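K.L.:
Quick one, fold the following:
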Amino acid sequence: MPAVSKGDGMRGLAVFISDIRNCKSKEAEIKRINKELANIRSKFKGDKALDGYSKKKYVCKLLFIFLLGHDIDFGHMEAVNLLSSNRYTEKQIGYLFISVLVNSNSELIRLINNAIKNDLASRNPTFMGLALHCIANVGSREMAEAFAGEIPKILVAGDTMDSVKQSAALCLLRLYRTSPDFVPMGDWTSRVVHLLNDQHLGVVTAATSLITTLAQKNPEEFKTSVSLAVSRLSRIVTSASTDLQDYTYYFVPAPWLSVKLLRLLQCYPPPEDAAVRGRLTECLETILNKAQEPPKSKKVQHSNAKNAVLFEAISLIIHHDSEPNLLVRACNQLGQFLQHRETNLRYLALESMCTLASSEFSHEAVKTHIETVINALKTERDVSVRQRAVDLLYAMCDRSNAQQIVAEMLNYLETADYSIREEIVLKVAILAEKYAVDYTWYVDTILNLIRIAGDYVSEEVWYRVIQIVINRDDVQGYAAKTVFEALQAPACHENLVKVGGYILGEFGNLIAGDPRSSPLIQFNLLHSKFHLCSVPTRALLLSTYIKFVNLFPEIKTTIQDVLRSDSQLKNADVELQQRAVEYLRLSTIASTDILATVLEEMPPFPERESSILAKLKKKKGPGTVTDLEEIKKERNSDVNGGTESTPINASTVSTPSPSADLLGLGAAPLTSSAPPPSSTGSLLVDVFSDSASVVAPLAPGSEDNFASPDLASSEVVSEEPADTVHDADELIHKFVCKNNGVLFENQLLQIGLKSEFRQNLGRMFIFYGNKTSTQFLNFTPTLICSDELQSSLNLQTKPVDPTVDGGAQVQQVVNIECISDFMEAPILNIQFRYGGTFQNISVKLPITLNKFFQPTEMASQDFFQRWKQLSNPQQEMQNIFKAKHPMDTEITKAKIIGFGSALLEEVDPNPANFVGAGIIHTKTTQIGCLLRLEPNLQAQMYRLTLRTSKETVSQRLCELLSEQF
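P.N.:
Numbering: from 1, shown residues only. This next block holds a predicted model:
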């Protein structure tokens, strides 16, 4: 970069800054700034033309004033003029001002783009560097659209200087992250891969960052980078620190580049080429060997750089999960860090070992460090390290050590930090159930868990223990005896009373033969806790009492006296009052046989996956629960185990949550005896794929939804969206023949859809997923319809929570009514604040005319008779087009059915043709539709003919269906 000459010191700027610093009050500072702004404005508006130095000085002052927090509403044009200067310092200040102050919607953006194009075409490396930095700093969609096609050419051009290549690679990376749709994949992709062989390591580092990001979305395009990355990594790892002197950091050769290359390799499976794979294995072994060598420097920078490369290498070993020797060596190396004096290293070692524990090759090696991990749990001062120790114990647990690990977790639970107690409770409950050889141990463990940390035992935990006790005859008597003894403690947690009330109500008869636990003693013990409990628990105990009437007729009178008391029959809570009245009446008028039938023992519950695991995954976030047997299959699928029938004594009957089982992932139907299942545990996995179960069909009478008074139809507004609509046409075409899928996804947000349609009505579930760890604030999705569309489509929606937590997902329901046929689609505009930055996203909502198609079966004679009736030229629309996809008969049939029409077999004389029929339903009319698709395999072309009774319908349906083949 050119040195700044003495003449560029800008004394006036220095004096102004000094004056500002010397101001004694805020008022004095504002007065001085206003004086300076008036002076600058007069200079810019004056008749005398300013030279480049003066412009630069005044623009610098404006920039400084802006950085102090004051608004600047002039000077932009002068800054743009500086871009055309041939002096580096003037051009630099112009670009700096634009990067900081110019909005992407500014009217000057075209002038700025022209100046940038001139600098990029100048081949002056200094000016090109400034232009590239400006593009990257602004990073707007307009910049991406203007330069995304130009920058790759600069990057791969043979005469581009190394410093410009670095800037070009990082600029392209920035544009790809903000506007990936404007960065075209093309010939340059294969050439950019070869930058990994560049002699300049700065270029290689920048190119590696770019390729890694591109390879995550387009792995096939960049798979040739694997061998080149291995080759470059091998040269770095085997070189001495003197060989790469300019890129050696405290005796570690090119640590940043090494980490980036290792990260790039994690985008791909192990290399198939034996030579490349062998070379990579040698590299990883060399990195592990160097970790054992004595340090070449005692400075912390040396150990940090060395360990950064080591941990990234271990991450790659874990990712490949194919070399047992390397996995065991990595585990042993991490084991040494478990007792390191540096807290960060202990944390990272525990975190990496959690992942290693999921590998069949290294699980046993991880288990050898159990004592060290338990010791860390007891002695670590940092709560985050203790939490990772809990995670590792959970991950390394199996049948051989389950009892030891559960016991240690229970011991730690008594003194654990409040922030992680609920998580430990869930993990203990999961491990106790999963590895219980003797279910008496499981019952003891859960009761102990409730005793130690009852406030943190969620409903899922005690629901689960009751379900297991009911399903296992061999443990019912033991559970009744144990819970009876636990209830005798003077102070019992309410969750223990719930478990005790339920189990004794079902199986109290199994211990009633012992005089110490006679029916009356059981009843008195439970009733002594009654006045201390909350309303839901009291309701459960009343249900237990009526169960006792059936189990123990000898205490029927005692129970009836309790139910008859004023405290029950005149209770202020309507639920308790109703139960007392109904149970008293039932016990009075019902015969013994009727009582035995109504109050019979609960049948076994269907065996389903535990909901506790889903709750733990939801609490921890996706990808953090290391369940040993299932982690491999869970990597690409959601675990949703919160749907088992749940033990409820008619006392915890609750209204199903509207957010429960939104995606219909195989849940059993909710009944009055089951609590709402927990919501889905993981966000970032694609739960919207077509393989997921569809949303339940619209119930009869669901048309009444449109008259619901609480639907905020005012959410649908008539205006234009603030942002560019993402992938508008591609999006509509993607959803024409399907109703479920991921609508939009970027680094922050995932929007998924599930929808259903019947006749002229529809319901769409929109799922907004926060992919970050930071809250979205002021989250406001709005449906935008043009005036014309509003008259054709009635959309009603409920508002969503304005705050979306990190890793969380919220749902919005849109009710749809088609009034008349329409051509365009509504726009979904989402606005929110993320990290202080305002985000504005607009996407077209795939509500298309064919969604209101109802298939109609027709015989051949009827079809052609109707076909002739629709022979008016305005009623027919025909399109001859080239096939965009392979011409597969089964796929074509599926698309026609997905489009909404009935596929009519053996109607067309030519068996290769496809014929369909259906009716478009709107509120005002019904429009019959016939279609004929004629494929030409030799020419790889189709002819699509559509005939309907309305010209606009024929046109729209033809447009939509033509894009599918």
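K.L.:
Tell me how many other residues crowd residue 349.
P.N.:
28 (other C-beta atoms under 10 Å). C-beta here means a position set from N, CA and C on the backbone, and glycine is covered the same way.
K.L.:
Which strands and helices lie in contact with the host helix or strand of it?
P.N.:
Element membership for residue 349 (DSSP states H and E) is helix 343-356. If contacts are counted by 3 or more C-beta pairs under 8 Å, 6 or more residues apart in numbering; DSSP states H and E, helix 343-356 sits against helix 300-320, helix 324-337, helix 363-367, helix 370-379, helix 383-396.
K.L.:
what about the closest residue to residue 228 other than its chain neighbours, distance to residue 227?
P.N.:
Closest residue in space to residue 228, ignoring its immediate chain neighbours: residue 196 at 4.1 Å, by C-beta to C-beta, 6 or more residues apart in numbering. Distance, residue 196 to residue 227, using C-beta to C-beta, to the nearest Å: 9 Å.
K.L.:
Same question for residue 511.
P.N.:
Applying C-beta to C-beta to residue 511 and residue 227 gives a distance of 71 Å.
K.L.:
Next: residue 74.
P.N.:
For residue 74 relative to residue 227 (C-beta to C-beta), the value is 56 Å.
K.L.:
which one of these two has more residues nearby?
P.N.:
Neighbour totals were compared for residue 74 and residue 227, and residue 227 leads with 17 against 12 (other C-beta under 10 Å).
K.L.:
Could I get the contacting residues of the more buried one?
P.N.:
Residue 227 makes contacts with 271, 273, 276, as judged by C-beta atoms under 8 Å, 6 or more residues apart in numbering.
K.L.:
Need the residues that contact whichever helix or strand the last one is part of.
P.N.:
By that I understand residue 276. In the assignment (DSSP H and E), residue 276 maps to helix 274-292. Applying C-beta under 8 Å, 6+ apart, the contact partners of helix 274-292 are 226-227, 230-231, 233-234, 237-238, 265, 270-271, 306-307, 309-310, 313, 316-317, 323, 326, 329-330, 333.
K.L.:
6 Å instead, please
P.N.:
Residues from elsewhere that reach helix 274-292, judged by C-beta atoms under 6 Å, 6 or more residues apart in numbering: 227, 230, 233-234, 237, 270-271, 310, 313, 326, 329, 333.
K.L.:
related to what we said a few turns ago, okay, buried residues for the helix holding residue 349 please.
P.N.:
Residues of helix 343-356 classed as buried by neighbour count (16 or more other C-beta atoms under 10 Å): 345-356.
K.L.:
got it, and stretch 85-97?
P.N.:
85, 88-97.
K.L.:
could I have it exported to PDB, CA atoms only?
P.N.:
In PDB, the C-alpha atoms belonging to stretch 85-97 read as follows (Å, rounded to 0.1, in the frame of the first residue of the first chain):
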ATOM      1  CA  SER A  85      -9.500  10.700  -8.200                       C
ATOM      2  CA  ASN A  86      -6.200   9.200  -9.200                       C
ATOM      3  CA  ARG A  87      -4.700   9.800  -5.700                       C
ATOM      4  CA  TYR A  88      -4.800   6.800  -3.500                       C
ATOM      5  CA  THR A  89      -5.600   8.700  -0.200                       C
ATOM      6  CA  GLU A  90      -8.500  10.600  -1.800                       C
ATOM      7  CA  LYS A  91      -9.900   7.400  -3.400                       C
ATOM      8  CA  GLN A  92      -9.400   5.600  -0.100                       C
ATOM      9  CA  ILE A  93     -11.400   8.200   1.900                       C
ATOM     10  CA  GLY A  94     -14.200   8.100  -0.700                       C
ATOM     11  CA  TYR A  95     -14.500   4.300  -0.500                       C
ATOM     12  CA  LEU A  96     -14.400   4.500   3.400                       C
ATOM     13  CA  PHE A  97     -17.200   7.000   3.500                       C
END
